[in-house]
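Q: structure here, sequence nowhere to be found:
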């Protein structure tokens, strides 16, 4: 029977800039990582290990940041950090800045987050190149599992957030059934499945946001795991020119 | 350790209008459904069992349907079925109609689908009241597991589709951490987690689209399962007046 098992790795300590995250993850996993596994890692520990943390003290907000901060009741320095991470602002409404990040992801505050930042007046940003981060982790982990780096994104028309993949190494981002048909020859409706996003979502179900469980091992997705690192999460980004909701 | 197990139920035959879907699911599950389980069921078998199938022969397209069909290269009768299911058209571009359904869901073609419809020139629509369908299944299933009815939705800024919950009975649709803080007192960023959508996504990972595996049993989500049926998937719909992407 087709089955999937998701297991949160216990015992990962608070991560600090410069920590060897792969070693921390390997230790938490014991000997039990295999080549067909998918290790989903919350981006925050990746960002912190890589030093993608900004101290508000050193930020000088521009006029635009001050204007947006005033309009939306935010700290102008925090808005400046968001702007620095953004290629564009998609919507600014009701205290929420929905941004297109430099990577192309559309999400609130360009993924910039103050919680669990390792100190007051600090903000964690997304990794500079999450696909590269995923590849580096994969190469350094025993067993060489596929690696997905995840973040929690809101959705345009639905309440709540779901975890999605922002960095991928060794997992097919999408399963492409386009052009395939049912037994009667009718084209299938769900034909391009965002496997890596569904894997990130599955992983999120087994860790509380506050429980110090940033890494989840998924077993049962071997058919989507590839020897090469593959195209990464960039393949999940809909190009601006195809965007119906700019 | 926090863990989740997803298992696709084998041996569910082609479902036809009037079939006792709960009996088919119970038989496929053997004796092995418990009160803390979540059974995720692809909407198509629910729709078909309920007779939510439209024969194109009997559809008379309006002028609006003929106009849209002409503009987007579609069968005017199929467009009429989509319009009948829609409260509004959010975007019509490149052969795709993105609709707000009468339930409030925003998705391509209002969820209307020709594949695996049980015959040529037939279209399957979403269930009329997917939360009621979920409640009825839950009451009829041995062990009274929570029930999620799922569909595959595209996303505004990301390629591919993820399964989401369109009907829910007995599972918290959202886990609300708003107002809770990290150890340093900073508000958590991911504070309102779309548990039921993540459950639908996890379930989708263990069934091929074409493999006749419409139902997946999730075990390990007991903390989100409730004795009462709860608010249903309606709680996941962002109201039109809060919509930043109308």
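A: On my side now, so go ahead. Source: prediction; values computed, not measured.

Q: make it CA atoms for all contacts and neighbour counts henceforth
A: Noted.

Q: now stretch A:79-93: buried residues?
A: Applying a neighbour-count criterion of 16 or more other CA atoms under 10 Å in any protein chain shown, one finds A:79, A:80, A:81, A:82, A:83, A:85, A:86, A:87, A:88, A:89, A:90, A:92 buried in stretch A:79-93.

Q: apologies, that question was intended for stretch A:52-60.
A: Buried, per 16+ other CA under 10 Å, within stretch A:52-60: A:52, A:53, A:54, A:55, A:56.

Q: taking these together, which two end up most distant?
A: A:52 and A:56 (12.9 Å; CA to CA).

Q: what about the buried residues of stretch A:79-93, which are in strands?
A: A:86, A:87, A:88, A:89, A:90, A:92 (DSSP state E).

Q: mind giving me the packing neighbours of the lowest-mean-pLDDT helix or strand in chain A?
A: Lowest by mean pLDDT, DSSP states H and E among the helices and strands of chain A is strand A:175-176, with a mean of 90. Counting contacts by 3 or more CA pairs under 8 Å, 6 or more residues apart in numbering or on different chains; DSSP states H and E, strand A:175-176 is packed against strand A:192-193.

Q: if we can go back for a sec, what pairs with the least confident helix or strand of chain A, parallel or antiparallel?
A: strand A:192-193 (antiparallel) (DSSP bridges).

Q: what's the helix or strand following the partner strand in contact with?
A: Downstream of strand A:192-193, the first helix or strand assigned by DSSP states H and E is helix A:195-204. For helix A:195-204, contacts defined as CA atoms under 8 Å, 6 or more residues apart in numbering or on different chains pick out A:6-8, A:40, A:148-150, A:162-165, A:168, A:171-175, A:216-218, A:224, B:162-163, B:198-199, B:201-202, B:204-205.

Q: from these, which land in strands?
A: A:6-8, A:40, A:148-150, A:162-165, A:168, A:175, A:216-218, B:162-163.

Q: pLDDT weak spots in chain A?
A: Applying pLDDT under 70 to chain A flags the ranges A:1-2, A:183, A:188-190, A:209-211.

Q: quick check: the most centrally placed residue in chain A vs chain B, distance?
A: Chain A has residue A:150 as the residue nearest its centroid, 2.7 Å off, counting by CA atoms, centre = their mean. In this view, residue A:150 and chain B are 12 Å apart by CA to the nearest CA, to the nearest Å.

Q: that residue touches residue A:165, doesn't it?
A: Yes. If you go by CA atoms under 8 Å, residue A:150 and residue A:165 touch, sitting 4.6 Å apart.

Q: who's in contact with residue A:38?
A: Residue A:38 neighbours (CA under 8 Å, 6+ apart): A:145, A:146, A:147, A:148, A:171, A:217, A:218, A:219, A:221, A:225.

Q: who does the second one form a beta bridge with?
A: Beta-bridge pairing for residue A:146 (DSSP bridges): residue A:38.

Q: which residues touch it?
A: With CA under 8 Å, 6+ apart, residue A:146 has these contacts: A:35-39, A:138, A:168-171, A:225-226, A:229.

Q: how far away is it from chain B?
A: Counting by CA to the nearest CA, the gap from residue A:146 to chain B is 16 Å.

Q: next one: the last one
A: Plainly put, residue A:225 is 13 Å away from chain B if you go by CA to the nearest CA.

Q: for the closest residue to that residue other than its chain neighbours, grab the count of nearby residues.
A: Once flanking residues are discounted, residue A:225 sits nearest to residue A:171: 4.6 Å by CA to CA, 6 or more residues apart in numbering or on different chains. By other CA atoms under 10 Å in any protein chain shown, the residues close to residue A:171 number 29.

Q: residue contacts, residue A:171?
A: Applying CA under 8 Å, 6+ apart, the residues near residue A:171 are A:38, A:146, A:147, A:148, A:196, A:224, A:225, A:226, A:229, A:230, A:232.

Q: chain A: helices as residue ranges?
A: Ranges of helices in chain A, per DSSP state H, are A:21-29, A:43-49, A:63-72, A:76-85, A:130-140, A:195-204.

Q: elements contacting the third one?
A: Helices and strands touching helix A:63-72, by 3+ CA pairs under 8 Å, 6+ apart, are helix A:76-85.

Q: ok, residues contacting the helix it packs on?
A: A:54, A:56, A:59-62, A:65-66, A:68-70, A:101-102, A:109-112, A:123, A:125.
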